[in-house]
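Student: Provided below are the primary sequence and the corresponding predicted coordinates.
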Amino acid sequence: MEIIPLGHALGAEIRGVDIAEEIGDNTVAAIREAWHRHHIIVFRDVSWTPDQHLAFSRRFGALDDHASTPHERFEGYPELLEITNRPKNGQPSQSRNAGRNWHSDYSYTDRPAAASMLYCTEKPSVGGDTMFCNMARAYDELSDKMKGIVDDLESVYDFNLVSGTKVRDPEKMAELLKLNPPIAHPCVRVHDESGVKALYVSERTSHFEGMSRAESLPLIEYLCQHATRPQNTYRHKWRVGDLVCWDNRTAMHMALGDYDPSEFRHMLRTTLQGQKSGYVVAPAEY
């Protein structure tokens with residue numbers, strides 16, 4: 001197995017492993033170790049079925065059934081999320097503008113994602129890239145005084161701040177808001193496997209619990225800008241057959257809409273369940 005770094009801050013390509021076939025425990029352990037070290041791992045030229053995608057993903061943990069976003073499930077496979085701008089059943093896809101702001105997956109639920117594994121089956125001729133940033137490094141580079149502040153805060157995540165909500169069907173949006181009320185999580189997330197501390201605040205954070213939105217906003221903006229500085233990011237240019245796996249406990253990402261919307265983009269994602277976290281709170285006060 002060969003590991004090739006893709007960026008200084010995070011990201012590595014893994015070669016020499018056929019992940020469409022069953023792999024041994026030692027290989028799984030080596031992949032896991034590389035994943036923890038680089039936060040994002042990439043496999044190229046993968047050709048497999050949805051069942052093979054699920055089988056590989058399950059080697060790393062229990063899979064989410066995507067009950068919090070039921071309209072984006074891949075037909076017949078609730079553990080696969082379909083992210084595409086292809087129309088579905090004659091209607092615009094609900095996921096066509098998904099992920100267009102900095103975020104960590106399912107942060108607006110009581111079981112935020114541990115990791116995600118996104119497989120590209122179709123891409124536009126140009127663009128449609130995904131940006132990633134290292135939230136462990138972002139935390140490490142804060143001053144001790146600022147660490148003391150964020151260590152004591154809880155980030156409130158609001159589904160209304162998920163990008164693309166304005167284009168969703170109103171009835172489906174009402175259902176999603178009922179499924180996903182505002183929820184508070186620690187502003188610093190401790191990785192349950194590696195023990196690494198990472199900043200846990202994003203553009204989907206409405207405020208800090210116990211503070212108004214007006215009080216919270218300047219700090220949220222600072223922390224997001226600090227985390228997403230160019231030197232703390234990696235930009236992935238997709239190829240058909242790429243499987244990109246990121247750790248939501250230590251990284252954020254953002255899908256870029258920098259492509260011709262008349263060209264199709266189609267991805268399938270498995271989501272590794274994270275630990276239970278957080279508690280439901282009232283919406284932000286202004």
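Tutor: Nice, I can see it. Numbering: from 1, shown residues only.
Student: quick one, what contacts Gln94?
Tutor: His71, Glu72, Lys88, Arg168, Asp169, Lys172 (Cβ atoms under 8 Å, 6 or more residues apart in numbering). The C-beta positions use only the backbone N, C-alpha and C, and glycine is treated the same way.
Student: And those, which is closest to Leu63?
Tutor: Glu72 (14.8 Å; Cβ to Cβ).
Student: The closest one: how many residues sit nearby?
Tutor: 19 (other Cβ atoms under 10 Å).
Student: Quick check: it vs Glu175, distance?
Tutor: Counting by Cβ to Cβ, to the nearest Å, the gap from Glu72 to Glu175 is 12 Å.
Student: Redo the contacts of Gln94 as a markdown table? Include pLDDT, distance to Glu209 and secondary structure.
Tutor: Formatted as a markdown table, those follow (pLDDT from 0 to 100; distance: Cβ to Cβ, whole Å; DSSP: H, G, I helix; E, B strand; the rest coil):
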| residue | pLDDT | distance to Glu209 | secondary structure |
| --- | --- | --- | --- |
| His71 | 88 | 29 | helix |
| Glu72 | 92 | 28 | helix |
| Lys88 | 85 | 37 | strand |
| Arg168 | 64 | 27 | coil |
| Asp169 | 74 | 31 | coil |
| Lys172 | 79 | 28 | helix |
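Student: How about the secondary structure of the nearest residue to Asn85 once chain neighbours are set aside?
Tutor: Take Asn85 and drop its neighbours on the chain: the residue closest to it by Cβ to Cβ, 6 or more residues apart in numbering is Arg96, 4.0 Å away. Following DSSP: H, G, I helix; E, B strand; the rest coil, Arg96 is assigned to coil.
Student: Of the contacts of Gln94, which is the nearest to Gly7?
Tutor: Of these, the one sitting nearest to Gly7 (Cβ to Cβ) turns out to be Glu72, at 28.5 Å.
Student: Quick check: the closest one vs Phe43, distance?
Tutor: From Glu72 to Phe43 the distance is 23 Å (Cβ to Cβ).
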